[in-house]
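Q: Attaching a predicted model along with its sequence, questions to come.
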Amino acid sequence: MVSLSFSMKIKALAAAAAVTLGLVANGAVAQAAGSGPDIEAGVDTGQPVFVMPRSGPFMSQSIAIPNARIIASWGQSGHSDATAPAFRHWDEDGAIEPECSVCHSGIGFRMFHGLDGSEPGVPEDPVPLGGVVDCETCHNPNLGSVTEITLASGVVHPVQGVEAACMTCHGGRSAGANIVAAAADKPDDDVDADLRFINPHYYLGAAMALGSYGGLGYEYPGKTYSGRFLHAKPVATCNSCHDPHSLEIAAETCLTCHFDGDPEKIRIARVSYDGSGDTTKGIHDDIVANADTLLGLMKEYAANVAGTSMIYDSGYPYFFADANGDGVKDEAEGRAVAYNAWTPRLLKAAFNWKAVTSDPGAFAHNAPYALELLYDSVEDLSGPLGMDVASLGLLR
């Protein structure tokens, strides 16, 4: 990973601020209104980017940058972190793959929606490195022309304004429909060499919030699932809870109705979903506990039914083979071996586990849907393991 020095980060932020405000043209020094001489537009002075009045006295209020607080908030967010893997993953390739660029580069996003005047759609060619989720991603004047987003499930969802950006990039890359297609009519517990783990992707808040309507998870036949989580009218959109620039949760919004400003401590349900009986903790903890239970059963199923032990790691492809059961990932040609003993039943459970755990805010976006996906996956695995799911004390 490439890291930037403090001074480089400051310069980058200054450049972003200046470009946002229209203060810089081709490297020219940006100046606030005053009596000093103009610098010819288009001339590269070789000077660092900064904002400075043309004449004294040099008082702070005279050189204040409009929107400075907002720019600073964005500058400290994940959307602007040019050193993060989300924007550096393709460094060795020299460019960002077209499909990935839609959400991992402001340029790719604008091309995808035709906001730059091009034909809408996935870019035809790789996109240059160095981009982030920049200001124009959400503030492009043509963003309002985007009125619907097609989710990974194939569902076409109507959007308004900046919601188009949130839904585009937080709706996932795969959905339950992909699992249905992969498993088809194959026997549930037969290892199939053609099966591979299907990753729903990351930070799936938009898809999770839509629940069954959005079709994010694998939904078991004969079960009913919760639809879109309609929180409350004042908090019906992403920006109702998330600061659009810093991305932080507005605790004041939570306190409008809840007694605690920490979302992870909020709980409305009066029953325990994880079998602990503890209803004083936030619903977040129930979801985490049930996800842990499901992962444990997935490993047990992998070893005892599929016949190959499984190890989970935080790096892609997440699930690795441990054929001799020694607790160490198998290796071949110097690389860890991806888990290769998938059965349709295990694939369904793994997808749901990853879909829920890939949304850190699932407890707020749609706790009912997350709990349903986890419970049904646990229940499905318990059959071939000869386990009475009721003994776990879980609730759906």
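A: All right, it came through fine.
Q: From now on I want contacts and neighbour counts done on CA atoms only, so please keep to that.
A: Fine.
Q: Would you check that residue 138 makes contact with residue 160?
A: No. Here residue 138 does not reach residue 160: they are 11.8 Å apart, not a contact under C-alpha atoms under 8 Å.
Q: between these two, which one's more packed in?
A: residue 138 (22 against 14; other C-alpha atoms under 10 Å).
Q: ok so the more buried one is a helix residue?
A: Yes. Counting by DSSP: H, G, I helix; E, B strand; the rest coil, one finds residue 138 located in a helix.
Q: How about the contacts made by it?
A: 162, 165 (C-alpha atoms under 8 Å, 6 or more residues apart in numbering).
Q: State the distance from it to residue 124.
A: For residue 138, the distance to residue 124 equals 22 Å [C-alpha to C-alpha, to the nearest Å].
Q: Residues contacting stretch 316-328, please?
A: Residues from elsewhere that reach stretch 316-328 (C-alpha under 8 Å, 6+ apart): 197, 303, 308-313, 329-330, 336-340.
Q: How many residues are close by residue 333?
A: Per other C-alpha under 10 Å, the neighbour tally for residue 333 reads 6.
Q: repeat for residue 341
A: Number of residues near residue 341 (other C-alpha under 10 Å) recorded here: 25.
Q: Which secondary structure state does it sit in?
A: Of the three states, residue 341 takes coil under three-state DSSP.
Q: That one contacts residue 191, doesn't it?
A: Yes. The pair residue 341 / residue 191 is scored as a contact, 5.5 Å apart, by C-alpha under 8 Å.
Q: who touches both of those two?
A: Residues touching both residue 341 and residue 191 (C-alpha under 8 Å, 6+ apart) are residue 306.
Q: where does residue 157 fall, phi/psi-wise?
A: Per-residue torsions, residue 157: phi -110, psi 130 (degrees, to the nearest 10).
Q: Tell me who's in contact with residue 254.
A: Residue 254 makes contacts with 241, 260-263, as judged by C-alpha under 8 Å, 6+ apart.
Q: Please list all residues in contact with the closest residue to residue 287 other than its chain neighbours.
A: Distance criterion C-alpha to C-alpha, 6 or more residues apart in numbering; nearest residue to residue 287, sequence neighbours excluded, is residue 371 at 6.3 Å. Listed by C-alpha under 8 Å, 6+ apart, the contact partners of residue 371 are 273, 287, 290, 396.
Q: Give me the buried entries from these.
A: Neighbour-count burial (16 or more other C-alpha atoms under 10 Å) is assigned, among the contacts of residue 371, to 273, 287, 290.
Q: so what does the helix or strand in which the second one is found touch, helix or strand wise?
A: Under the criterion DSSP states H and E, the helix or strand holding residue 287 is helix 283-301. When contacts are defined as 3 or more C-alpha pairs under 8 Å, 6 or more residues apart in numbering; DSSP states H and E, helix 283-301 sits against strand 309-312, helix 344-357, helix 362-382.
Q: Helix or strand with the lowest mean pLDDT in this structure?
A: Within the chain, judged by mean pLDDT, DSSP states H and E, the helix or strand with the poorest mean is strand 30-31; its value is a mean of 36.
Q: Return the distance of residue 250 relative to residue 261.
A: Distance of residue 250 to residue 261, computed by C-alpha to C-alpha: 8 Å.
Q: for the closest residue to residue 77 other than its chain neighbours, what are its contacts?
A: Using C-alpha to C-alpha, 6+ apart and skipping the chain neighbours, the partner closest in space to residue 77 is residue 246 (5.1 Å). Neighbouring residues of residue 246 by C-alpha under 8 Å, 6+ apart: 73-77.
Q: wait, which of these is closest to residue 360?
A: Checking these against residue 360 by C-alpha to C-alpha gives residue 77 as the nearest, at 16.2 Å.
Q: before we move on, what SS does residue 239 have?
A: helix.
Q: and it, what is it in contact with?
A: Not one residue lies near residue 239 by C-alpha under 8 Å, 6+ apart.
Q: Tell me the confidence at it?
A: On pLDDT, residue 239 comes in at 88.
Q: According to the record, where do the domains of the chain fall?
A: 6-76, 85-183, 205-392 (automatic domain parsing).
Q: what are the ranges of the strands in this structure?
A: For the chain, applying DSSP state E gives strands covering 30-31, 51-52, 148-150, 156-158, 309-312, 319-322, 331-332, 335-336.
Q: Please point out the stretch among these with the lowest average pLDDT.
A: Mean pLDDT is lowest for strand 30-31 among the strands of the chain, at a mean of 36.
Q: what's the closest of the strands of the chain to residue 390?
A: Residue 390 lies closest, by C-alpha to C-alpha, to one member of the strands of the chain: strand 309-312, at 25.2 Å.
Q: just to revisit the earlier point, roughly how far does the residue nearest to residue 77 sit from residue 69?
A: The gap separating residue 246 from residue 69 is 10 Å, by C-alpha to C-alpha.
Q: now residue 293
A: The value you get for residue 293 to residue 69, if C-alpha to C-alpha is used, is 43 Å.
Q: can you check residue 190 too?
A: To residue 69, residue 190 is 57 Å away according to C-alpha to C-alpha.
Q: Which residue of the two possesses the greater neighbour count?
A: Of the pair residue 190 and residue 69, residue 190 is the one with more neighbours under other C-alpha under 10 Å, namely 15 against 11.
Q: Quick check: the gap between residue 293 and residue 287.
A: As judged by C-alpha to C-alpha, residue 293 and residue 287 stand 10 Å apart.
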